[in-house]
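Asks: Here is the input, now give the coordinates:
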Amino acid sequence: MRIAAGRVLTGSGEMFKVFTPFSRAWLKALDEEGFVIHRAPTARGEPLPWQPLAERGWVDEALGELTADPRWPVGEAEARRRLNDFLEQAVLDYGETRDFPAIAGTSVLSPRPSPALSGSTNLSGASSIATCWC
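Replies: Model prediction:
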């Protein structure tokens, strides 16, 4: 069972341009088709405090040695390289290409850059908003 193409549209019969209203309409269509939507379970206790891997008193043996993956570079230099690449050309087509995952139409920067007012990097190593726009 699946949702028929063109079933999840805005009230005026157009495709959605914003994710949240689309998500609500899609979940409603799934419910109408008999899909059972399982919500996230409720918390069973207090969350564990965050600690860097190096400071943890335990190691998950299933994870093995954790090292940076060269296929997914991180850090300030990589964030600046991606921003520069995006500003060279992709920004010009952003409005037309951002919604198509098969097209490299976004900046591929962190989806949540640090809102810090300085040029520092956030915990993920990406540049802050101030670094990009000041």
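
Asks: can we go C-alpha only for contacts and neighbour counts from here?
Replies: Will do.

Asks: And for the closest residue to Asp99 other than its chain neighbours, the neighbour number?
Replies: Distances taken as CA to CA, 6 or more residues apart in numbering put Gly105 closest to Asp99, at 7.8 Å, once the chain neighbours are dropped. Gly105 has 20 neighbours, counted by other CA atoms under 10 Å.

Asks: what's the pLDDT at Gly105?
Replies: Note on Gly105: pLDDT of 81.

Asks: Just checking the distance from the longest helix along the chain to the centre of its chain.
Replies: Scanning the chain for the longest helix, with DSSP state H as the assignment, gives helix 19-32. Helix 19-32 has its C-alpha centroid displaced from the chain centroid by 20 Å (CA atoms, centre = their mean, to the nearest Å).

Asks: circling back: if I read this right, the residue nearest to Asp99 contacts Thr97, doesn't it?
Replies: Yes: shown here, Gly105 and Thr97 form a contact pair, counting by CA atoms under 8 Å, at 4.8 Å.

Asks: tally of neighbours for Pro21?
Replies: Count around Pro21 with other CA under 10 Å applied: 13.

Asks: any weak-confidence spans in the protein?
Replies: 1, 53-54, 56-60, 63-68, 110-134 (pLDDT under 70).

Asks: send the alpha carbons of the longest helix of the chain over as CSV?
Replies: Backbone C-alpha positions of helix 19-32 (Å, rounded to 0.1, in the frame of the first residue of the first chain) are rendered in CSV as follows:
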residue,chain,number,x,y,z
PHE,A,19,8.1,21.0,4.7
THR,A,20,6.0,21.3,7.9
PRO,A,21,2.6,21.7,6.1
PHE,A,22,3.6,18.9,3.7
SER,A,23,4.5,16.6,6.6
ARG,A,24,1.2,17.2,8.3
ALA,A,25,-0.7,16.5,5.0
TRP,A,26,1.4,13.4,4.3
LEU,A,27,0.8,12.0,7.8
LYS,A,28,-3.0,12.7,7.4
ALA,A,29,-3.0,10.9,4.0
LEU,A,30,-1.1,7.9,5.5
ASP,A,31,-3.7,7.7,8.3
GLU,A,32,-6.6,7.9,5.9
